[in-house]
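*Asks:* Model the following, please.
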Amino acid sequence: MASSSNDPVVETDPSGRYKRYKTIIRESATKKVYNGIDGVTGKVIAWSKIELTAKTLRNKNLLERLCAEPQLLKSLRHQNIVSCFHSWIGDKKEYINMITEDFPSGNMGEYIRKHEKTDISAIKNWCTQILKGLDHLHRHDPKIIHRDLNCDNIFVDGSSSIVKIGELGLALIFEQGDTTVQSFSCRPEFMAPELLEGYYYNELIDIYSFGMCVLQMVTRERPYSEYIYKYHIRAKVKSGEKPAALSRVTDPEVKKFIEKCLSPASDRPTAIELLNGPFLQPRPDRLQVQPRPFTLRGKSLGTGPFEMALIIASEQPIKFDFPVNDTTQEVMKKEGLSARMSDAELSLVSELVEKLKTELSSSDVPRKKLLQITSEKREVSPVFRMTTEQVSEVRDMQTD
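*Replies:* Prediction:
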């Protein structure tokens, strides 16, 4: 929800860059999210205030982990994870403040209620993006488990069909055998049985939650909505009884995919296995256009945006800046690349831009060092420039 021009600025962050408006986008028992603006870029942002209760302040371990978490989230640069730009604790130590991306289209739960006529191809597109985000979390070192994935925590950009995993406030660095998730207000209808039973768990609990999200996307109803009380839902999940909504999924391929996600932990697939599985693969009867070969080059100037150039055979190089806080999709959209490339090309370019950006962000890469990645090799390598003598030799060879 966009803020009106009459909405007053009620708070500014310590740096003076971010302004908070009075308008509340969404709220929970311990958190309120407000509209705001980035005074430097002019972008609308979301300003979250997480309440630090007296009980939380007395729990030293929990407080340390909550305060350390935003720093971790700021390092999670991925096209399908909501970006966190800035965070700090207020002077009175009553709140943790976080500045993140804003999504005017709202969360997935709101979006599917508003847009009921959604084709299965759109749902497959959303599933692919969500799984890519989960795979990034699960492959992170150290591993990160979301632990509260549901349709209200997945955000949609309706103009680009981009979806991102957000509300990582309950996601903590994975510690083997950790069961503290039960002390948080997670929704039992999205929680894996091993969590409710208090057994050992790992990142596959997020896959179970993802399966319930897919069920809600397909049926437009929350899992176990036939029950009113949470203790009833907990009992059904523990017993292995599936939601009534699953029986109303008529497409056997979709139903099989959801059931695979809801399998017992020992049989449950990983995010990458689901991504590589048959359900999310392109249909064989659709025309497949092979991407044109290209080279992507870039360098970091130490401060400010990365400088990049996309070189496609038989076309003029496309030069563009990549601001550090922008996502790959934002840059692709801003540069108008989606209108100049096929879907297959755009997907591959986005993937390789992400790789090049990650490499350029490394402290091991010298300032102004020119790196490149090609569509054939897909590995980042330095660009070796020829000396004046080498250039002259090449010219001499061409004239002989």
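*Asks:* okay, and the helix or strand of this protein with the least pLDDT?
*Replies:* Counting by mean pLDDT, DSSP states H and E, the weakest-scoring helix or strand in the chain turns out to be helix 388-399, with a mean of 56.
*Asks:* could you pull out the helices for the stretch 51-200 of the chain?
*Replies:* 54-58, 60-74, 108-114, 120-139, 193-196 (DSSP state H, counting those that start in this stretch).
*Asks:* Only alpha carbons, please: show the shortest one as CSV.
*Replies:* Taking only C-alpha atoms (Å, rounded to 0.1, in the frame of the first residue of the first chain), the coordinates of helix 193-196 have been written out as CSV:
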residue,chain,number,x,y,z
PRO,A,193,5.2,-33.0,11.9
GLU,A,194,8.8,-33.4,13.2
LEU,A,195,8.7,-29.8,14.4
LEU,A,196,5.5,-30.3,16.3
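*Asks:* packing partners for that helix?
*Replies:* Counting by 3 or more Cβ pairs under 8 Å, 6 or more residues apart in numbering; DSSP states H and E, the packing neighbours recorded for helix 193-196 are helix 204-219, helix 230-239. The way it works is simple: take the backbone N, C-alpha and C, and place the C-beta from them, glycine included.
*Asks:* What count of nearby residues applies to the residue nearest to G109 when sequence neighbours are not counted?
*Replies:* When the adjacent residues along the chain are set aside, G109 lies closest to C151, with 4.0 Å between them (Cβ to Cβ, 6 or more residues apart in numbering). Other residues within reach of C151, judged by other Cβ atoms under 10 Å, total 23.
*Asks:* how much space between C151 and R187?
*Replies:* The span separating C151 from R187 equals 10 Å under the rule Cβ to Cβ, to the nearest Å.
*Asks:* on that earlier part again, mind pulling up the pLDDT for the residue nearest to G109?
*Replies:* Per-residue confidence at C151 stands at 97 (pLDDT).
*Asks:* shouldn't it be in contact with R113?
*Replies:* No: in this structure, C151 sits apart from R113 without contact. The criterion is Cβ atoms under 8 Å, and the distance is 9.7 Å.
*Asks:* Residues in a beta bridge with the spatially most central residue of the chain, which ones?
*Replies:* By Cα atoms, centre = their mean, the mean C-alpha position of the chain lies nearest to I81, the distance being 1.5 Å. Beta-bridge partners for I81, by DSSP bridges, are I165.
*Asks:* Now do the SS call for G42.
*Replies:* At G42, secondary structure determined by DSSP: H, G, I helix; E, B strand; the rest coil is coil.
*Asks:* re earlier: K164 is in contact with the residue nearest to the centre of the chain, correct?
*Replies:* Yes: in terms of Cβ under 8 Å, I81 counts as a neighbour of K164; the distance is 5.8 Å.
*Asks:* what sits in contact with each of the two?
*Replies:* When contacts are counted by Cβ atoms under 8 Å, 6 or more residues apart in numbering, I81 and K164 have G133 as shared neighbours.
*Asks:* ok, so what distance separates the residue nearest to G109 from S381?
*Replies:* Counting by Cβ to Cβ, the separation of C151 from S381 is 41 Å.
*Asks:* Minimum distance to A46: which of the helices and strands packed on helix 193-196 has it?
*Replies:* Counting by Cβ to Cβ, A46 lies closest to helix 204-219 out of the helices and strands packed on helix 193-196; the figure is 20.8 Å.
*Asks:* What is that closest one packed up against?
*Replies:* Using 3+ Cβ pairs under 8 Å, 6+ apart as the contact definition, the elements that helix 204-219 packs against are helix 108-114, helix 120-139, helix 193-196, helix 252-261, helix 271-276.
*Asks:* go with 6 Å
*Replies:* Based on contacts counted as 3 or more Cβ pairs under 6 Å, 6 or more residues apart in numbering; DSSP states H and E, the elements that helix 204-219 packs against are helix 252-261.
*Asks:* got the angle between the helix it packs on and helix 120-139?
*Replies:* For helix 252-261 against helix 120-139, the angle between stretch directions is 20 degrees (axes from the mean of the first three to the mean of the last three Cα atoms, to 10 degrees).
*Asks:* What residues sit buried inside helix 252-261?
*Replies:* By neighbour count, with 16 or more other Cβ atoms under 10 Å as the criterion, the buried positions of helix 252-261 are 254-255, 257-258, 260-261.
*Asks:* Show the average pLDDT along that helix.
*Replies:* 97.
*Asks:* for stretch 90-98, same thing?
*Replies:* Predicted confidence along stretch 90-98 averages 86 (mean pLDDT).
*Asks:* Work out the gap between that stretch and the centre of the chain.
*Replies:* The chain centroid and the centroid of stretch 90-98 are separated by 25 Å, computed with Cα atoms, centre = their mean, to the nearest Å.
*Asks:* Using the three-state scheme, assign V349.
*Replies:* Secondary structure of V349, reduced to three states by three-state DSSP: helix.
*Asks:* who's in contact with it?
*Replies:* Applying Cβ atoms under 6 Å, 6 or more residues apart in numbering to V349 gives no contacts.
*Asks:* So for it, what's the pLDDT?
*Replies:* We note a pLDDT of 86 for V349 in this prediction.
*Asks:* Just give the nearest non-adjacent residue to M308, would you?
*Replies:* With Cβ to Cβ, 6+ apart as the criterion, M308 has its nearest non-adjacent residue at 4.1 Å, and that residue is G298.
*Asks:* quick one: the one you found and A309 touch, right?
*Replies:* No: shown here, G298 and A309 do not form a contact pair, counting by Cβ atoms under 6 Å, at 7.3 Å.
*Asks:* Looking only at neighbour counts, state which of these two leads.
*Replies:* Comparing G298 with A309 by other Cβ under 10 Å, the one with more neighbours is G298, at 23 against 15.
*Asks:* Next, that one: secondary structure please.
*Replies:* The three-state label given to G298 by three-state DSSP is strand.
*Asks:* so it bridges to which residues?
*Replies:* According to DSSP bridges, the residues that bridge with G298 are M308, L371.
*Asks:* Would you quantify the distance from it to R77?
*Replies:* From G298 across to R77, the span is 15 Å (Cβ to Cβ).
*Asks:* cool, and P14?
*Replies:* Using Cβ to Cβ, one gets 23 Å for the distance from P14 to R77.
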